[in-house]
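# pasting the structure only:
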């Protein structure tokens, strides 16, 4: 059973946009964000919000991806713009003790993932 639930993946052409959502029902986390895994590649932490409103973005997505949160709904979103074929992969919402742990992939919880495919 996965405590985090992602939605919003799909297929898009290069240059397009997608918005992913993550719901964390019933509990508060210190840091929440996203990681992805492309076929044959290592997992990559790409974004994180901490409880102190600090934000982390991987260099590979900086300037193109933006996280936002709806505290009332216990939901975080990842707006992905200017998508590239190399953004293709399974995207996972994850929780950790802080964004440093997230960047190191030292995760406490994660979801089942949602597929993002960028292709012409």
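Looks like it arrived, so ask away. Here the structure is a predicted model, which means the values were calculated and not measured.
# Please work out the average pLDDT along the helix or strand residue 100 falls within.
Residue 100 is located in helix 99-103, with elements delineated by DSSP states H and E. On average, the pLDDT along helix 99-103 is 90.
# other SSEs contacting the following helix or strand past it?
Downstream of helix 99-103, the next assigned helix or strand under DSSP H and E is strand 109-110. Packed against strand 109-110, as judged by 3 or more CB pairs under 8 Å, 6 or more residues apart in numbering; DSSP states H and E, are the following elements: strand 89-96. No exception for glycine: its C-beta is placed from N, CA and C like everyone else's.
# By average pLDDT, which secondary structure element in this protein comes out worst?
Sorted by mean pLDDT, DSSP states H and E, the helices and strands of the chain end with strand 55-57, the least confident at a mean of 86.
# still on that earlier bit, centre of the chain to the helix holding residue 100, how far?
Its chain's average C-alpha position is 13 Å from that of helix 99-103, according to CA atoms, centre = their mean, to the nearest Å.
# C-terminal to the least confident helix or strand of the chain, what's the next element?
On the C-terminal side of strand 55-57, the closest following helix or strand by DSSP H and E is strand 65-70.
# list the helices and strands that following strand packs on?
Using 3+ CB pairs under 8 Å, 6+ apart, the elements in contact with strand 65-70 are strand 31-37, strand 44-50, strand 55-57, strand 75-80.
# Stretch 57-72: which residues count as buried?
Buried positions in stretch 57-72, judged by neighbour count with 16 or more other CB atoms under 10 Å: 57-58, 61, 65-67.
# With adjacent residues omitted, what lies nearest to residue 39?
In this structure, residue 39 finds its nearest non-sequential neighbour in residue 89, 7.2 Å apart by CB to CB, 6 or more residues apart in numbering.
# So what's the residue count around that neighbour?
Counted with other CB atoms under 10 Å, the burial measure for residue 89 works out to 21 neighbours.
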